Structures are given as structure tokens and as C-alpha cells.
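K.L.:
Generate coordinates for the sequence data below:
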Amino acid sequence: MHGSWHRYPPGERWRRPPSRARLVLEVPGSVAVCFDAPVVELFEQRVEPLHPSLSALGPDLLAPAPDLEDAVRRLRDPARAGWTIAEALLDQRALAGIGNEIKNEVLWQASLSPWRRVGDLDDAALRRLVELGRDVLRQGAATGRRPVHVYRRAGRPCPRCRAPIRVEHQGLELPRLTFWCPVCQGPGPDGR
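P.N.:
Predicted coordinates for the structure are as follows:
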């Protein structure tokens, strides 16, 4: 997943230059702008099951009734057992909708290390992460804002324990910044 969506009130100045916008959707009271996406496709919802990429996506956590058990089964896939939970949450083939910001916040809310391996977590822990992801996404969709406890807060105090938030690159295929509290969530890959 590349690019990012921003939501603005009509007439508000965008935080990025208009030249980086790939799609702009305007509805009464709101403007949604997709920045920096390499590909944008528009089609009718009824063709989603036939689309080569979309048909491989995991359950959409913003759907009215997402299949959370399917998301847990997909995370539990033996091919992901050696992955870190942070990498697995970003895999849209397991569950669709979680991006880097949500990944960081969900793992912080769950007090779970981003470096824990999927194979070391039980189904209850995976289900809790899926539910937290759904809840954070829904809150953001409903209000236009999501809680930010650790994302982009490196060096600032953790809201729970006051330890400094840390940041590291994580992931092999597409390294992303991971923000976490080394006290609440445990040490990073360097043991600190």
C-alpha cells in the first residue's frame, strides 16, 4: 500500500502540494485527497471479486460486518509465522485497511512489541489486534481524527509511562518507521 489519504473541510489548504494529488473526491462538507498513489483505479463495487489484486485482499476492517475470524486465520497462515506482528498487520492480504500509522497505534494500545513474531502470539492476541485495528479505523472514519499516542512522537514521553518513544525502520520488503514505547511494549531489535 502506497500513498496516503487526507480529509479536509471544503476550502481548507492541503498539507501537500496539489501536484502530488492523484485523486480528489468531494462530497458535501468534506474533501478526500489521495496523495502519491502510483495507481488509482475506479470501478463498480460489484466487480471487486473479479479484480486480480482486490480479490486477494483480506477482510476490509471498515466493512459493516468484517469477518474478523478470517482475518485471524489469515494472520495465522504458516507463511507469516516468522514475520513480526508489525509486518503482518501491514499485509493487506491478511486484513485490509491497516496502514503504518494504525499499526503503530494498535500495537501501542495492545502493549505489544512490534518485533514479536506472529507464530509466538495466540489467536486471542491476534483477534484483539484485529478488533483494535477495526475500532481505530472506524473512529477515524467517523470523526476524521484518530488517536495518536506514539506515531511520529519519537523522543516524546509515552502517554502511559513517560518513557521516551523510540523509532526504528522495520521490514524487509518495504521498510516502514515503527514507533513504540520500550517500557510499555518491550525492547526493540537492539535489546534496548
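
K.L.:
Now do the helices in this protein.
P.N.:
68-75, 85-90, 100-109, 123-143 (DSSP state H).

K.L.:
Indicate which one of these is closest to Cys158.
P.N.:
Proximity to Cys158 (C-beta to C-beta) singles out helix 100-109 among those, at 8.1 Å. Glycine gets a C-beta too; all of them are placed from N, C-alpha and C.

K.L.:
hmm, back to that, and the helices of the chain: which comes nearest Leu62?
P.N.:
helix 123-143 (5.4 Å).

K.L.:
residue ranges with poor pLDDT in this protein?
P.N.:
Within the chain, the set of residues satisfying pLDDT under 70 comprises 1, 172-174.

K.L.:
Where do the strands of it begin and end?
P.N.:
4-8, 21-27, 30-35, 166-170, 176-180 (DSSP state E).

K.L.:
Which other helices and strands does the fourth one contact?
P.N.:
Packing partners of strand 166-170 (3 or more C-beta pairs under 8 Å, 6 or more residues apart in numbering; DSSP states H and E): strand 176-180.

K.L.:
which other helices and strands contact the strand it packs on?
P.N.:
Packed against strand 176-180 by the contact rule (3+ C-beta pairs under 8 Å, 6+ apart) you find helix 85-90, helix 100-109, strand 166-170.

K.L.:
So which of those is nearest Gly29?
P.N.:
Nearest of these (C-beta to C-beta): helix 100-109, 23.4 Å.

K.L.:
What are the contacting residues of that closest one?
P.N.:
85-86, 89-90, 98, 113-114, 129, 132-133, 136-137, 140, 146-151, 176-181, 184-185 (C-beta atoms under 8 Å, 6 or more residues apart in numbering).
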